[in-house]
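> Sequence and predicted model, in that order:
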Amino acid sequence: MSPVLVILAAISAILAITMLFAKNPITSAMCLLGVLIMTAGMYGMIGEHLVATIQLVVYAGAIMVLFIFSIMLLNLNTEETDYKDKPMVFAGALALGVAAFAGIGTAIWNHFQAGEVVTKGQFSAEVVKNLGGNTKVLSHSLFTQYFVSFEVISLALLVAVVGAVVLAKRKFD
Amino acid sequence: MDFETIFPFAQLAAKIAFVVGLALGVVPIMVWFERRGAAWMQGRVGPNRVGPFGLLQPLADVIKFFHKEDFTPRNANKFYYYLAPMMALIAPLCAMSVIPFGSHIVVEGKTVVLQIAEMDAGVLFILAFAGLEVYPIILAGWASRNKYSVLGALRGSSQIVSYEISMGLSLLSMLIVYGSVNPHDMVAWQSENWWGFLMNPFGALVFWISIFAETNRLPFDLPEGESELVAGYHLEYGAMKFALFFMAEYVAMIMASALISTLFFGGYGILPGMQMLIDMIVNHFGFSAVGAQNTLAAFQVLSLVSKVAFFMFMFVWVRWTLPRFRFDQLMDLGWKILFPLSLINLVVVTLAVYYFNS
């Protein structure tokens, strides 16, 4: 593993912990942004430049802007819900978090125990390189083999947009 | 450390130093030109006291910036207040890493591609950093705790987010024409055929208008409209913190000019007539193939720099020609004119490419 990858992972872990414990919502949002950028950096370090770019365009460039916009406009200054009086909720969340962490940790541990990286399916690193890089291969399979599912997902997103507009309009009328 | 190990790092460091040095070194010259050009277009004299033709004026400005009081507003959120100007400069400088400024040179028998990051995603990477340019504006406006700053930040971010769509769509139409996201392929395509703006004039126009909004330049500089918002999102910033925002604006302009040159105006492809000059130099000095390639690369860098200089001049020219828009006019232009236009253009270009390729 390259040392840069380790540094990026360490920074993103610190940012993630800061995100959880920050009092100010803007700090949480900015830490989440930092985690997303660091993740993009990690994708870039393992040579997946397209995934890194998409990560920056979609999550860092669009979704997080929306988050920060709404935090600023709603003027959420401090966390309103106090979880001190709700030990059951806190314990449940903690148990779920520990379970998820244990599951992911086991998967990663098994992966490292296996030694070499095994790519399932036909697109191994050499095949992708011979076909002209990730961008080309991904776009090609997206617009040929997975064309229908791609369009169905776009339709679902369109439905969500129209639904949001209808709901917002009813409230304002 | 032998030569083989050190060479990749050395060439990368040299390229980064060249690009960053050029981008930041052009800023004082542009500041001088902006003021002298403004005076020239308005029939005034402009700064002419410090040095010949006022050329040392930017130096005096820098000394002034360094000596001003480093003031922080009492109610500002300190951390984000200091973070915003730093972020402002990072995004455009990072985006610059994907723009090629020449084909390649040969040093000690090794090929050095004149582009900092040769990546698979190519030009799409620039869109990623164009999206990140919103954060410094939002953060600066929010952290300053000033009504004018917040209004400027809201205007700036909504304007950048809106015009990013038409910018992305016109970029997409060019990707369809070139059939590649690699900037080297784009330049090669344009050298063999025509410059991109002849193939796709509406795309070029929409892109060109959009970069004015993306870089917050007049006629779209509403985030900092002096007559309404004093100075907009950087109102509470003084001394070098303001200078960082100022530099970021110019670096973003250089980045946008380099991007539009690469996409629509042949990139580093040599200007007409230069080939004769290169042949003359190569024959005169009797260069080998390596020397000829390096001469060609030097002229390619010169071509890109002159194209970028032309677009920088256009930025100044438009600034002192057109008055500022109203904010609703700006949004109408973005959403009701440029967005449908770029969408229709995309469909037309797609059909044309399909027709000509089959």
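The structure has been received and is ready for your questions. Numbers count the residues shown, from 1 in each chain, chains lettered A, B, ... in the order given.
> For the rest of this, base every contact and every neighbour count on C-alpha atoms.
Fine.
> secondary structure element for B:Thr111?
Per DSSP states H and E: B:Thr111 is located in strand B:110-113.
> List the contacts of that strand.
For strand B:110-113, the external contacting residues (CA atoms under 8 Å, 6 or more residues apart in numbering or on different chains) are B:Gln11, B:Gly102, B:Ser103, B:His104, B:Ile105, B:Val106.
> let's go with 7 Å and repeat that
The contact list for strand B:110-113, computed with CA atoms under 7 Å, 6 or more residues apart in numbering or on different chains, reads B:Ser103, B:His104, B:Ile105, B:Val106.
> got the residues of chain A near chain B?
Residues of chain A that fall close to chain B, judged by CA under 7 Å from any CA of the partner chain: A:His49, A:Leu50, A:Thr53, A:Leu56, A:Val57, A:Gly61, A:Gly133, A:Asn134, A:Thr135.
> and those residues, which two are the farthest apart?
A:Gly61 and A:Gly133 (24.2 Å; CA to CA).
> Name the helix or strand for residue 101, please.
As the question left the chain open, I've gone with chain A. With secondary structure defined by DSSP H and E, A:Phe101 is part of helix A:87-113.
> hmm, I had chain B in mind actually
With DSSP H and E as criterion, B:Phe101 is part of no helix or strand.
> what helices or strands is the one helix or strand in chain A whose mean pLDDT sits lowest leaning on?
Least confident helix or strand of chain A, by mean pLDDT, DSSP states H and E, is helix A:125-130 with a mean of 73. Judged by 3 or more CA pairs under 7 Å, 6 or more residues apart in numbering or on different chains; DSSP states H and E, helix A:125-130 has no packing partners among the helices and strands.
> For that helix, which residues meet the burial criterion?
A:Val128 (16 or more other CA atoms under 10 Å in any protein chain shown).
> Name the SS class of the nearest residue to B:Gln57 once chain neighbours are set aside, please.
In space, and not counting its chain neighbours, B:Gln57 is closest to B:Val50: 5.4 Å by CA to CA, 6 or more residues apart in numbering or on different chains. When classified by DSSP: H, G, I helix; E, B strand; the rest coil, B:Val50 comes out as coil.
> Residue 25: how many residues sit nearby?
Reading this off chain A. A:Pro25: 19 surrounding residues under other CA atoms under 10 Å in any protein chain shown.
> actually it's chain B I care about, not the one you picked
12.
> I'd like the distance between B:Asp185 and B:Gly122.
10 Å (CA to CA, to the nearest Å).
> swap in B:Arg36?
37 Å.
> Equivalent analysis for B:Val26, please.
To B:Gly122, B:Val26 is 25 Å away according to CA to CA.
> Equivalent analysis for B:Val206, please.
From B:Val206 across to B:Gly122, the span is 21 Å (CA to CA).
> out of the two, which sits in the busier spot?
Neighbours of B:Val206 and B:Gly122, each counted by other CA under 10 Å, are more numerous for B:Val206; the result is 24 against 21.
> Can you give me the buried ones in the helix or strand of chain B with the lowest mean pLDDT?
Averaged element by element with mean pLDDT, DSSP H and E, chain B has its least confident helix or strand at helix B:226-229 (a mean of 74). Under the neighbour-count criterion of 16+ other CA under 10 Å, helix B:226-229 has B:Leu229 buried.
> Moving C-terminal from it, which element do we reach first?
Using DSSP H and E, the helix or strand that follows helix B:226-229 in sequence is helix B:239-264.
> helices or strands next to that following helix in the packing?
By 3+ CA pairs under 7 Å, 6+ apart, helix B:239-264 packs against helix B:3-41, helix B:57-67, helix B:78-95, helix B:196-199, helix B:289-319.
> Just the angle for the helix or strand that that helix is followed by relative to helix B:289-319, thanks.
Going down the chain from helix B:239-264, the next helix or strand is helix B:274-285, by DSSP H and E. On the basis of axes from the mean of the first three to the mean of the last three CA atoms, to 10 degrees, helix B:274-285 is oriented at 140 degrees to helix B:289-319.
> Using PDB, list the CA coordinates for helix B:274-285.
C-alpha atoms of helix B:274-285 as PDB (Å, rounded to 0.1, in the frame of the first residue of the first chain):
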ATOM      1  CA  MET B 274       4.300  28.900 -37.000                       C
ATOM      2  CA  GLN B 275       5.300  25.700 -38.800                       C
ATOM      3  CA  MET B 276       7.300  27.800 -41.300                       C
ATOM      4  CA  LEU B 277       9.200  29.500 -38.500                       C
ATOM      5  CA  ILE B 278       9.900  26.200 -36.800                       C
ATOM      6  CA  ASP B 279      11.300  24.700 -40.000                       C
ATOM      7  CA  MET B 280      13.400  27.800 -40.500                       C
ATOM      8  CA  ILE B 281      14.900  27.500 -36.900                       C
ATOM      9  CA  VAL B 282      15.400  23.800 -37.200                       C
ATOM     10  CA  ASN B 283      17.200  24.100 -40.600                       C
ATOM     11  CA  HIS B 284      19.200  27.100 -39.500                       C
ATOM     12  CA  PHE B 285      20.700  25.500 -36.300                       C
END
